[in-house]
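Participant: here is a sequence with its predicted model. Questions after.
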Amino acid sequence: MKTPARFITLCFHKFTAEHGTWDGDLLCGGELCWEAGTIAGKENAMLLYWIAAEQDYELVQNNLDLTAFPDKGV
């Protein structure tokens with residue numbers, strides 16, 4: 001029986017999300033995008049923070065919370 005492509009894709013995504021990136025620092029990349037000051041830069045930063053938050057980086061989870069809900073800050 002042939003393994004469905006969707007299953008392989010899901011397993012690959014799960015492995016990547018749980019074990020992190022092979023190259024690069026999501027937090028540093030997110031900071032650089034955010035500091036660009038453009039709408040696209042902030043959207044890219046949010047995406048990078050979201051991916052890092054899925055990988056259980058606590059600092060990034062805080063950054064994502066503060067950037068997504070700036071009026072709810074401490």
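Facilitator: Now that the structure is in, tell me what you want to look at.

Participant: what sits against Gly41?
Facilitator: Counting by Cβ atoms under 8 Å, 6 or more residues apart in numbering, Gly41 makes contact with Cys33, Trp34, Glu35. C-betas here are computed from N, CA, C, even on glycine.

Participant: same thing but at 10 Å, please
Facilitator: Contact analysis of Gly41 by Cβ atoms under 10 Å, 6 or more residues apart in numbering lists Gly30, Leu32, Cys33, Trp34, Glu35.

Participant: now swap in Glu35 and tell me
Facilitator: Contacts of Glu35 (Cβ under 10 Å, 6+ apart): Gly41, Lys42, Ala45.

Participant: for burial, what's the neighbour tally of the second one?
Facilitator: Around Lys42 sit 16 other residues, with neighbours defined as other Cβ atoms under 10 Å.

Participant: wait, it sits on Glu31?
Facilitator: No. Using Cβ atoms under 10 Å, Lys42 is not in contact with Glu31; the gap is 11.5 Å.

Participant: burial measure for Tyr57, as a count.
Facilitator: Applying other Cβ under 10 Å, we find 17 other residues in the vicinity of Tyr57.

Participant: quick one: what helix or strand has the residue lying closest to it once chain neighbours are set aside in it?
Facilitator: Among residues not flanking Tyr57 along the chain, Leu27 sits closest, at 6.7 Å (Cβ to Cβ, 6 or more residues apart in numbering). Element membership of Leu27, judged by DSSP states H and E, is helix 26-35.

Participant: buried ones in that helix?
Facilitator: Leu26, Gly29, Gly30, Cys33, Trp34 (16 or more other Cβ atoms under 10 Å).

Participant: dump those residues to TSV, plus distance to Ala52 and pLDDT.
Facilitator: Formatted as TSV, the buried residues of helix 26-35 follow (distance: Cβ to Cβ, whole Å; pLDDT from 0 to 100):
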residue	distance to Ala52	pLDDT
Leu26	4	80
Gly29	9	87
Gly30	7	85
Cys33	12	91
Trp34	13	88
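
Participant: pLDDT weak spots in this structure?
Facilitator: Scanning the chain with the threshold set as pLDDT under 70 gives 1-3, 16-24, 63-64, 67, 69-70, 72-74.
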